[in-house]
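Engineer: Need coordinates for the below:
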Amino acid sequence: MEVEARIEGLRRYLIHSDEYAVVYFSHVDDPETVRQAQLSVDALPKGLAVGDAVRITYLIGVVAAISRVE
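Structural biologist: Residues are numbered from 1 along each chain as shown. Predicted structure coming up:
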């Protein structure tokens, strides 16, 4: 399932020299609810920033990918 969303916040952190991020986002059809996902920064679009329009791909209810909407 794919859902249009907006990035609300990013928090990067390291685990044994590997960089990860908690990504806070809201679905376009439910802007009042802020959700979160934890992903490797390698799985995120380069230069992702607060306010960016993105597409969230879910697999069995878990965020599998985040891609930028052009």
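
Engineer: okay, CA-based contacts and neighbour counts for the rest of this
Structural biologist: Fine.

Engineer: Leaving out the residues flanking it, which one is nearest to the residue nearest the centre of the chain?
Structural biologist: If you average the C-alpha coordinates of the chain and look for the closest C-alpha using Cα atoms, centre = their mean, you land on Val23, 4.5 Å from that point. Nearest-residue entry for Val23: Leu10, 4.8 Å, with adjacent residues in sequence omitted and distances by Cα to Cα, 6 or more residues apart in numbering.

Engineer: Quick check: the one you found touching Ala21?
Structural biologist: Yes. Taking contacts as Cα atoms under 8 Å, Leu10 lies within contact range of Ala21: 6.5 Å.

Engineer: More neighbours: the two, which one.
Structural biologist: Set side by side, Leu10 and Ala21 show unequal neighbour counts under other Cα atoms under 10 Å, the larger going to Ala21 at 20 against 17.

Engineer: how close does Trp48 get to Arg68?
Structural biologist: That one is not Trp; residue 48 is Leu. Distance, Leu48 to Arg68, using Cα to Cα, to the nearest Å: 8 Å.

Engineer: Touching, the residue nearest to the centre of the chain and Gly9? I think so.
Structural biologist: Yes. Taking Cα under 8 Å as the definition, Val23 is a contact partner of Gly9 at 6.1 Å.
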